[in-house]
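Visitor: quick one, fold the following:
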Amino acid sequence: QVQLVESGGGLVQAGGSLRLSCAASGSILSIRSMGWYRQTPGKQRELVASVSSVGSTNYADSVKGRFTISRENAKNTVSLQMNTLKPEDTAVYYCNAGVVTSTPVRLSDYWGQGTQVTVSS
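Guide: The predicted structure follows:
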């Protein structure tokens, strides 16, 4: 079994910054892509940013130039630095990882529990 534990959400004023972190633990053989998604009430969960095991990154157009995703493979962690936050960034942010487990050997998608980010105007 694999657990993803997120931290770092909260309330911030527009123009401010927050850093989200996510740590994966459990029967991990390797981790493929890691990423952050967000969801607001009544809307589908959307990709914010992702990073591959070799460091290739992908960002939603709405966050390019403001958010930076990074990962530490040795620690099985992924972080999202969010700068110049806007009220429309308000959402529940979810960590996601494609994990190859060791017992059994299988690639599966895992999600964190979600962390609230609220940006006030």
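Visitor: please count neighbours and contacts with C-alpha atoms only from this point.
Guide: Noted.
Visitor: helices or strands next to the one helix or strand Asp109 maps to in the packing?
Guide: In this structure, Asp109 sits in strand 105-111 according to DSSP states H and E. Under the contact definition 3 or more C-alpha pairs under 8 Å, 6 or more residues apart in numbering; DSSP states H and E, strand 105-111 sits against strand 2-7, strand 91-102.
Visitor: note down every partner strand of the shortest one and its orientation.
Guide: Listed by DSSP bridges, the sheet partners of strand 2-7 and their directions read strand 18-26 (antiparallel).
Visitor: so what's the gap between the partner strand and the chain middle?
Guide: 7 Å (C-alpha atoms, centre = their mean, to the nearest Å).
Visitor: that one: what's the following helix or strand?
Guide: strand 28-39.
Visitor: got the angle between whichever helix or strand comes after that next one and strand 91-102?
Guide: Next helix or strand after strand 28-39 toward the C-terminus (DSSP H and E): strand 46-51. Angle, strand 46-51 to strand 91-102, by axes from the mean of the first three to the mean of the last three C-alpha atoms, to 10 degrees: 50 degrees.
Visitor: show me the contacts for Val48.
Guide: Val48 is in contact with 35-38, 59-60, 63, counting by C-alpha atoms under 8 Å, 6 or more residues apart in numbering.
Visitor: circling back: quick one: strands adjacent to the strand holding Asp109?
Guide: strand 91-102 (antiparallel).
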